[in-house]
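give the three-dimensional model of this entry:
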Amino acid sequence: MATHDFEPTTFHGTLGSYDPVLQIADGDTVRTSTLDAGGRDARGEQQVELANAQTGPFFVTGAEPGDILAVHLDRIWPNRDSAGSSTSVAANAVDPAYVPELPAFRADRVVAEWAIDREAGTATLLLPTRLGRLTLELAPMLGCFGVAPAQGEAISTATSGPHGGNMDYPGFGPQVTALFPVFVPGALFFLGDGHALQGDGEIVGTGLEISMDVQFTVSVRKGKGSSWPRGESEDYIFTVGNARPLDQALQHATTEMLRWLQEDYELDALSASTLLGQCVEYDVGNVFDPAYTMVCKLAKRFVTQLGTK
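Numbering: from 1, shown residues only. Next up is the predicted model:
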């Protein structure tokens, strides 16, 4: 097990089978950084003209198709003192009759600037509004990250799929483990699109967009397999479905959870369905981008007593 300090110099606007920037091993830790969603670095300088530019990919020795790549997000923290966000709820998130009232369709559409106090862990709105100097607690997360898709595909960071991608789920924060199906040798892990804070759904099309310092640790779960991303936090296991319409994303997430409960917790279909029927929770991930994201959650207290294979 080794720790690598990696300073990125090249970035990608798609997740695909690119030449790896670094080869790491099962159990290794990487300390690196990401650009913001607009391609700016820790100094606020434009590095690339790419949306959700990705750091990576990282080749994980021993990861093969049919495995799961587990990425523990040890630390995610802003590395500069300013962030930006959109200020208009997306048209698809409101009733059609209300759309003309949205700031995006009026003369008062603006970008909001936020002052980030990294020591205090807060973001303060600088845009003059009736909110005054609204101050919110930081909750850093990665909006877009994942692994290379199968069959040589290169998929835009604007969207998401079984490989991960632009899921914009606030649950992917520090001390959470993200679990991705491996489609290509080495998995080829990417990360980027840091948000200092974001509400559920990313309904304005952004979080508080900012560059990040990130530390992560990888492990390979051999032969475990999955069809969609999964995650583990201190209190929950969860599964992620990415699709449009939203009900299809929910179907993917729910099916993945049922399979997980049957494969790893030795429940039959009847037991898994009965448990989810009364104990499941759902979170809304991205509902702005081409593919929506739904998250199916189950509190660990309901499954820890079951054990795992």
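
now do the contacts for the residue lying closest to residue 154 once chain neighbours are set aside.
Of all residues not flanking residue 154 in the chain, residue 16 sits nearest, at 3.0 Å (Cβ to Cβ, 6 or more residues apart in numbering). Where you see a C-beta, it was placed from the backbone N, CA and C, and this is true even at glycine. By Cβ atoms under 8 Å, 6 or more residues apart in numbering, the contact list for residue 16 reads 148, 149, 152, 153, 154, 155, 188.

go again using 10 Å as the cut-off
54, 57, 148-149, 152-156, 163, 184, 188, 190 (Cβ atoms under 10 Å, 6 or more residues apart in numbering).

just residue 2 next, same as before
Counting by Cβ under 10 Å, 6+ apart, residue 2 has contacts 24, 25, 27, 28, 29, 30.

ok, now residue 294?
By Cβ under 10 Å, 6+ apart, the contact set of residue 294 is 167, 169, 239-243, 246-254, 282-287.

what about it, which helix or strand?
Assessed by DSSP states H and E, residue 294 sits inside strand 292-299.

what pLDDT does residue 109 get?
Note on residue 109: pLDDT of 62.

quick one: strands adjacent to the strand holding residue 294?
Taking DSSP bridges as the criterion, strand 292-299 forms sheet pairs with strand 236-243 (antiparallel), strand 281-284 (antiparallel).

most tightly surrounded among those?
strand 236-243 (a mean of 25; mean count of other Cβ atoms under 10 Å).

which strands or helices does the helix or strand just after that one pack on?
Heading C-terminal from strand 236-243, the first helix or strand you meet, by DSSP H and E, is helix 246-264. If you count contacts as 3 or more Cβ pairs under 10 Å, 6 or more residues apart in numbering; DSSP states H and E, helix 246-264 packs onto strand 230-232, strand 236-243, helix 269-279, strand 281-284, strand 292-299.

so what's the gap between helix 246-264 and the chain middle?
Counting by Cα atoms, centre = their mean, to the nearest Å, helix 246-264 is centred 18 Å from the centre of its parent chain.

can you check stretch 53-72 too?
Centre-to-centre, stretch 53-72 and its host chain are 15 Å apart (Cα atoms, centre = their mean).

can you give me the end-to-end span of it?
Start-to-end span of stretch 53-72 (Cα to Cα, to the nearest Å) is 21 Å.

residues of it that come out buried?
Across stretch 53-72, burial judged by 16 or more other Cβ atoms under 10 Å covers 53-60, 63, 67-72.

which members of those residues are the farthest-apart pair?
Of all pairs drawn from the buried residues of stretch 53-72, the greatest distance, 26.9 Å, lies between 53 and 67 (Cβ to Cβ).

circling back: with distance to residue 110 added, can I get the helices and strands packed on helix 246-264 in CSV?
Below are the helices and strands packed on helix 246-264 laid out as CSV (distance: least, Cβ to Cβ, whole Å):
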stretch, distance to residue 110
strand 230-232, 34
strand 236-243, 30
helix 269-279, 43
strand 281-284, 26
strand 292-299, 26
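
could you dump these to a markdown table with mean pLDDT?
Formatted as a markdown table, the helices and strands packed on helix 246-264 follow (pLDDT from 0 to 100):
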| stretch | mean pLDDT |
| --- | --- |
| strand 230-232 | 98 |
| strand 236-243 | 98 |
| helix 269-279 | 97 |
| strand 281-284 | 98 |
| strand 292-299 | 98 |
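
quick one: closest of those to residue 40.
Checking the helices and strands packed on helix 246-264 against residue 40 by Cβ to Cβ gives strand 292-299 as the closest, at 24.8 Å.
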